[in-house]
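[1] give me the fold of what follows.
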Amino acid sequence: MNIILLSAIVMGLLGLFFALILAYASKKFAIKEDPRLKELLKVLPNANCGACGHASCEAFAKAVVEGKEDYKGCKVGREKVAEKVKKILSKKN
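    Numbers count the residues shown, from 1 in each chain. Reported below is the predicted structural model:
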């Protein structure tokens, strides 16, 4: 068999082998994120002011989704944002 053809076959098989390993690893170690988090980030004012006690709006949203923070915690958005956050949290994940 030609050495170039043999080399191409070996490289192809190695590529397939490592692709399968990476595909398995991406499924095994996937991080599942609550879909409500993205919705909350759209509703929050993204001021990152820290008035809620968190460093950013994203940190506040994560705390609300995890149940560690009250949905009325956003001082900048006041009641308008609080009602939207409450509506999003009432959805099933």
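[2] wait, Val85 sits on Ala63?
    No: in terms of C-beta atoms under 8 Å, Val85 does not count as a neighbour of Ala63; the distance is 11.6 Å. C-beta: built from backbone N, CA, C; applies to glycine.
[3] where's the residue nearest the centre of the chain relative to Glu66, distance?
    The residue lying closest to the centre of the chain (C-alpha atoms, centre = their mean) is Glu33, at 4.6 Å. Distance of Glu33 to Glu66, computed by C-beta to C-beta, to the nearest Å: 12 Å.
[4] list the buried residues for stretch 72-79?
    For stretch 72-79, the neighbour count (16 or more other C-beta atoms under 10 Å) marks 72-74, 77 as buried.
[5] what sits against the residue nearest to the centre of the chain?
    Contacts for Glu33 (C-beta atoms under 8 Å, 6 or more residues apart in numbering) come out as none.
[6] tell me the SS of it?
    Secondary structure assignment for Glu33 (DSSP: H, G, I helix; E, B strand; the rest coil): coil.
[7] need the longest helix for the protein.
    Scanning the chain for the longest helix, with DSSP state H as the assignment, gives helix 3-28.
[8] per-residue confidence averaged over it?
    Helix 3-28 shows a mean pLDDT of 96.
[9] likewise stretch 80-88?
    88.
[10] what are the phi and psi values at the residue nearest to the centre of the chain?
    phi -110, psi 140 (degrees, to the nearest 10).
[11] likewise for the one 5 residues further on?
    Listed backbone geometry of Lys38 is phi -70, psi -40, with angles given as degrees, to the nearest 10.
[12] that one and Ser7, how far apart?
    Using C-beta to C-beta, we find Lys38 at a distance of 47 Å from Ser7.
[13] number of residues surrounding Ser90?
    Ser90 has 9 neighbouring residues, counting by other C-beta atoms under 10 Å.
[14] re the thing from before, can you mark which positions in the longest helix of the chain are buried?
    Residues of helix 3-28 include none that count as buried (16+ other C-beta under 10 Å).
[15] mind checking how far that helix is from the chain centre?
    29 Å (C-alpha atoms, centre = their mean, to the nearest Å).
[16] do the same with stretch 29-37
    Using C-alpha atoms, centre = their mean, the offset of stretch 29-37 from its chain centre is 5 Å.
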